[in-house]
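Asker: take this sequence and fold it.
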Amino acid sequence: MHTGVKNAQPRNQPAFLPTILYTNCRSLTQWKLEELAIYAELHKPDLICLTETWLTADKEEARCIDGYKNFFCNRKNRIGGGVAILAANNLSVTHLSSHTTRTFSAIWLMINNANLPIIIGCVYHPPNADNDTTINYITDTTLKLLMKTPHAQLIIAGDFNKLPMSTIYEQPKFRNTVALQTRENAMLDYILTDIPEYDLSEELAPLANNDHCSILLRGVKIKTGKYTRFKKRKITKYTKQHVHQAVAEQN
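Answerer: Below you'll find the predicted structure:
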């Protein structure tokens with residue numbers, strides 16, 4: 001069973017797809033932040049997505065890069081984990097704070113692009129986390145966000161460790177732009193999107209002595225066209241209960 005959802009308003013003006021830099025920090029220390037600032041200067045990303053920041057609230061203010069505004073989600077009552085999205089100052093974004101979770105670290109922003117609004121999430125799924133909990137959370141969150149903004153596009157970047165990704169790909173027909181092993185001989189880090197115009201991501205060197213490579217997804221300008229696109233979302237065992245729940249909440 002599939003449901004069709006409007007995916008773009010009929011417009012002729014070009015839409016903006018942001019450039020995204022993603023990396024697993026394994027602790028966003030000051031010297032790693034300085035190296036990250038060099039990456040930002042070289043590649044000019046519109047968004048920087050970070051996992052395993054290992055930060056606490058008192059250290060957030062010191063972890064800044066010139067030209068970016070910061071959005072953090074630190075792990076609750078635990079050491080480690082944590083995610084962040086740094087958005088370029090010239091980018092209009094809204095923090096979707098009601099969907100942020102500190103249980104296993106996830107944060108969401110809306111890019112306020114009039115021609116093609118984009119929702120971006122950054123997620124960290126720890127190795128010992130319950131798979132069904134994470135899958136249900138991602139399924140529920142993306143469904144609710146698209147019900148509120150049905151013409152939005154989606155991007156999710158993160159470290160998913162051993163999460164079975166085949167189920168995530170179906171919500172809502174994501175594809176993985178990462179085609180490389182991101183840590184030793186394993187693919188743990190992904191940038192998922194339902195935007196077909198994005199090409200494959202590029203591999204960058206890890207931050208400092210990290211064992212995860214960094215990833216760059218280059219943005220482009222596209223025409224939304226004179227038509228309305230639809231995206232099809234497959235309804236699985238993970239989504240059926242969330243459809244009923246989301247509809248009830250909307251009512």
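
Asker: could you tell me the end-to-end distance of stretch 176-194?
Answerer: Using Cα to Cα, to the nearest Å, one end of stretch 176-194 lies 9 Å from the other.

Asker: pull out the buried residues from that stretch.
Answerer: The neighbour-count check on stretch 176-194 (16 or more other Cβ atoms under 10 Å) flags 177, 178, 182, 183, 188, 189, 190, 191, 192, 193, 194 as buried. Heads up, the C-betas are built off the backbone N, CA and C, glycines and all.

Asker: you'd agree the last one is up against residue 175?
Answerer: Right, residue 194. Yes: the criterion here is Cβ atoms under 8 Å, and residue 194 meets it with residue 175 at 7.5 Å.

Asker: overlap in contacts of these two?
Answerer: Common neighbours of residue 194 and residue 175 (criterion: Cβ atoms under 8 Å, 6 or more residues apart in numbering): none identified.

Asker: which element is residue 144 on?
Answerer: Under the criterion of DSSP states H and E, residue 144 resides in helix 131-148.

Asker: okay, buried residues for that helix please.
Answerer: 134, 135, 137, 138, 139, 140, 141, 142, 143, 144, 145, 146.

Asker: list of residues touching the helix or strand just after that helix?
Answerer: With elements assigned by DSSP H and E, the helix or strand that comes after helix 131-148 is strand 153-159. Residues outside strand 153-159 that contact it (Cβ under 8 Å, 6+ apart): 7-8, 20, 22, 24, 49, 51-52, 83, 106, 116-125, 138, 142, 145-146, 168, 172, 174, 188-195, 212, 215.

Asker: can you do 6 Å?
Answerer: 22, 24, 49, 51, 118-124, 188-189, 191-195 (Cβ atoms under 6 Å, 6 or more residues apart in numbering).

Asker: also stretch 115-133?
Answerer: So stretch 115-133 is contacted by 11, 13, 15, 49, 51, 81, 83, 85, 104-111, 134, 145, 149, 152-161, 163, 224 (Cβ under 6 Å, 6+ apart).

Asker: start to end distance for stretch 91-107?
Answerer: 17 Å.

Asker: rounded mean pLDDT for that stretch, please.
Answerer: In this model, stretch 91-107 carries a mean pLDDT of 87.

Asker: next: stretch 187-205.
Answerer: Stretch 187-205 comes out with an average pLDDT of 94.

Asker: that one: end-to-end distance?
Answerer: So stretch 187-205: terminal residues 15 Å apart, Cα to Cα.

Asker: how about stretch 64-73?
Answerer: Per Cα to Cα, the first residue of stretch 64-73 is 15 Å away from its last.

Asker: next one: that stretch to chain centre, how far?
Answerer: 16 Å (Cα atoms, centre = their mean, to the nearest Å).

Asker: what comes up buried for it?
Answerer: For stretch 64-73, burial by neighbour count (16+ other Cβ under 10 Å) applies to 65, 68, 71, 72, 73.

Asker: and stretch 203-221, by the same measure?
Answerer: Under 16+ other Cβ under 10 Å, the buried positions of stretch 203-221 are 204, 206, 207, 210, 212, 213, 214, 215, 216, 217, 218, 219.

Asker: dump those to a markdown table, plus secondary structure and distance to residue 32.
Answerer: Compiled in a markdown table, the buried residues of stretch 203-221 are given as follows (DSSP: H, G, I helix; E, B strand; the rest coil; distance: Cβ to Cβ, whole Å):
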| residue | secondary structure | distance to residue 32 |
| --- | --- | --- |
| 204 | strand | 14 |
| 206 | coil | 10 |
| 207 | coil | 5 |
| 210 | coil | 8 |
| 212 | coil | 12 |
| 213 | coil | 14 |
| 214 | strand | 11 |
| 215 | strand | 16 |
| 216 | strand | 17 |
| 217 | strand | 21 |
| 218 | coil | 23 |
| 219 | coil | 24 |
